[in-house]
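Participant: take this sequence and fold it.
(one chain, ligands or ions: 1)
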Amino acid sequence: MRKGILTIAAVGLLTTGGLTACGDDSGDKAASAKTPKIGVILPDSKSSARWETADRRFLEEAFKAAGVKYDIQNAQNDKTAFQTIADQMITGGVTALMIVNLDSGTGKAVLDKAKSQGVATIDYDRLTLGGSAQYYVSFDNETVGKLQGEGLSKCLTEKGAKNPVVAYLNGSPTDNNATLFKAGYDSVLKPKFDAKEYVKGPEDAVPAWDNAQAATIFEQQLTKANGKIDGVLAANDGLGNAAISILKKNKLNGKVPVTGQDASTEGLQNILAGDQCMTVYKAVREEAKAASDLAIALAKGEKKDTGQTVKDGDRDVPSVLLTPKAITKESVKDVIADGYVTKEEVCTAAYTKFCAEAGIS
Ligand code: GAL
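Facilitator: You can find the predicted model right below:
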């Protein structure tokens, strides 16, 4: 499994000093005078199980291993709460603040306030457009989308689909990652639409990645398409499961390939049962480790050279972008082997048979 490589990549990119991809030192001076304390604001607990089952777990693991003080809170998709938590963390003496923004506007306001108080800042997983974060730590999110597009295409070929109608359930319009995921899967699927190999079906963005809304949206898509949807590009496992619930109502589950992302327990179970075509595994342990390494260095007033940047307008943001991995029935066992989920969590009674078929014993 790529874990070892990812770990080396994450640590290897973080070399002290260096002149290129270093965060500006505005938040560093004050930090070195104080005891390192890291604040983390997670976005919600409904758009994806990852934030509470993986990110919180692996961030705590990294901070405890480093012996630093930390405060991890979840804004529960409430923008006012997000800003209140940030104020409380800054008042509470954090020396570095990591955020997963709910949108770029409120994210920018929080980042700018932290910077004005000499608090170092990191965009975790989602880039705050027009923001001022000193670093951005995520995955190569356009590659996530490419893997989704390629995965759907492979499943459609395996089904022998002719001129398949492909529907899109895009992520939240306020999430820059959703824009990047779409750019990735469009790069694979748009040429097929243009060549009239595939037919572009209904496309909708799902506000705040809300899974309940996604089910309603997909039901409307299926009606609009007169029941003729042959493949669904769903931008994460929560949206994929919403589409699968509607396909089940119409006895189409397993016949219509559906994509996902996050390698959630639910997503892996749907894949094992044959209702979901694929997901994308993002080793959150590596993302959390890379971000906490940076946050700890910043909290101590050190600068790190990440070796790469991403463009945000005219700003070059020092970044760490980790490698995502496509997961199908045959590779579900790799996610378990990487310690992201346990066999017991995935292979519950209803899935024992499917696990055995997939070589998970
Ligand atoms: C994205 C994140 C994904 C996805 C989504 C839902 O920003 O990168 O893992 O699940 O949020 O929260």
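Participant: for the rest of this, base every contact and every neighbour count on C-alpha atoms.
Facilitator: Noted.
Participant: where along the chain do the strands fall?
Facilitator: Remark: strands assigned in the chain by DSSP state E are 15-16, 37-42, 69-74, 96-99, 120-124, 135-139, 165-170, 199-205, 231-234, 279-281, 304-305, 309-312, 315-322, 325-327.
Participant: for the closest residue to Tyr70 other than its chain neighbours, give me its contacts.
Facilitator: Leaving aside its chain neighbours, Tyr70 sits nearest to Ile38 (4.6 Å; criterion: Cα to Cα, 6 or more residues apart in numbering). If a contact means Cα atoms under 8 Å, 6 or more residues apart in numbering, then Ile38 has 68-71, 94-98, 295-296, 299 as its contacts.
Participant: sorry, back to before: please convert the strands of the chain to TSV, extending it with mean pLDDT.
Facilitator: Shown next, in TSV, are those (pLDDT from 0 to 100):
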stretch	mean pLDDT
strand 15-16	45
strand 37-42	97
strand 69-74	97
strand 96-99	97
strand 120-124	97
strand 135-139	98
strand 165-170	98
strand 199-205	98
strand 231-234	98
strand 279-281	98
strand 304-305	91
strand 309-312	98
strand 315-322	98
strand 325-327	98
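Participant: which of those strands sits closest to the ligand?
Facilitator: strand 135-139 (7.6 Å; Cα to the nearest ligand atom).
Participant: give the other helices and strands that that closest one contacts.
Facilitator: Strand 135-139 sits against strand 120-124, helix 284-299, strand 315-322, with contacts defined as 3 or more Cα pairs under 8 Å, 6 or more residues apart in numbering; DSSP states H and E.
Participant: does the ligand sit close to the shortest one?
Facilitator: No. Contact between strand 120-124 and the ligand, assessed by Cα under 6 Å from any ligand atom, is absent, since the two come no nearer than 9.3 Å.
Participant: can you show me the CA trace of that strand as CSV?
Facilitator: Taking C-alpha atoms only, strand 120-124 is exported to CSV below (Å, rounded to 0.1, in the frame of the first residue of the first chain):
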residue,chain,number,x,y,z
ALA,A,120,0.0,31.1,12.0
THR,A,121,-2.6,29.7,9.6
ILE,A,122,-3.2,26.6,7.4
ASP,A,123,-5.9,25.7,5.0
TYR,A,124,-6.6,22.0,5.7
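Participant: what angle separates it from strand 37-42?
Facilitator: Calculated by axes from the mean of the first three to the mean of the last three Cα atoms, to 10 degrees, strand 120-124 forms an angle of 30 degrees with strand 37-42.
Participant: next, format the strands of the chain as TSV and append distance to Pro191.
Facilitator: Formatted as TSV, the strands of the chain follow (distance: least, Cα to Cα, whole Å):
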stretch	distance to Pro191
strand 15-16	40
strand 37-42	36
strand 69-74	40
strand 96-99	36
strand 120-124	32
strand 135-139	25
strand 165-170	13
strand 199-205	11
strand 231-234	15
strand 279-281	22
strand 304-305	38
strand 309-312	26
strand 315-322	27
strand 325-327	21
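Participant: can you find the helix or strand of the protein with the lowest average pLDDT?
Facilitator: helix 3-13 (a mean of 42; mean pLDDT, DSSP states H and E).
Participant: what's the neighbour count on Gln135?
Facilitator: No, residue 135 isn't Gln; it's Tyr. Tyr135 has 30 neighbours, counted by other Cα atoms under 10 Å.
Participant: avg pLDDT for stretch 102-116?
Facilitator: Averaged over stretch 102-116, pLDDT sits at 98.
Participant: that stretch and the ligand in contact?
Facilitator: No. Using Cα under 6 Å from any ligand atom, stretch 102-116 never reaches the ligand; the gap is at least 9.1 Å.
Participant: now that stretch: buried residues?
Facilitator: 102-104, 106-108, 110-115 (16 or more other Cα atoms under 10 Å).
Participant: going by distance to the ligand, which of these wins?
Facilitator: Nearest to the ligand among the buried residues of stretch 102-116, counting by Cα to the nearest ligand atom, is Leu102 at 9.1 Å.
Participant: for that closest one, which residues are in contact?
Facilitator: 43, 77, 79, 174-175.
Participant: pick out whichever of those residues sits closest to the ligand.
Facilitator: Asp175 (6.0 Å).
Participant: what sits against the closest residue to the closest one other than its chain neighbours?
Facilitator: Nearest non-adjacent residue to Asp175, counting by Cα to Cα, 6+ apart: Asp103, 6.2 Å away. Counting by Cα under 8 Å, 6+ apart, Asp103 makes contact with 128, 174-175.
Participant: residues from the protein in reach of the ligand?
Facilitator: Within the chain, the positions near the ligand by Cα under 6 Å from any ligand atom are 47-48, 125-126, 175, 177, 209, 236, 262.
Participant: list only buried entries from the residues you listed.
Facilitator: 47-48, 125-126, 175, 177, 209, 236, 262.
Participant: give me the subset of those residues lying in helices.
Facilitator: Judged by DSSP state H, the subset of those located in helices is Asn177.
Participant: Serialize the buried ones among the residues of the chain next to the ligand to TSV and add fields for pLDDT.
Facilitator: Putting those into TSV (pLDDT from 0 to 100) gives the following:
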residue	pLDDT
Ser47	95
Ser48	96
Asp125	98
Arg126	98
Asp175	98
Asn177	98
Trp209	98
Asn236	98
Asp262	98
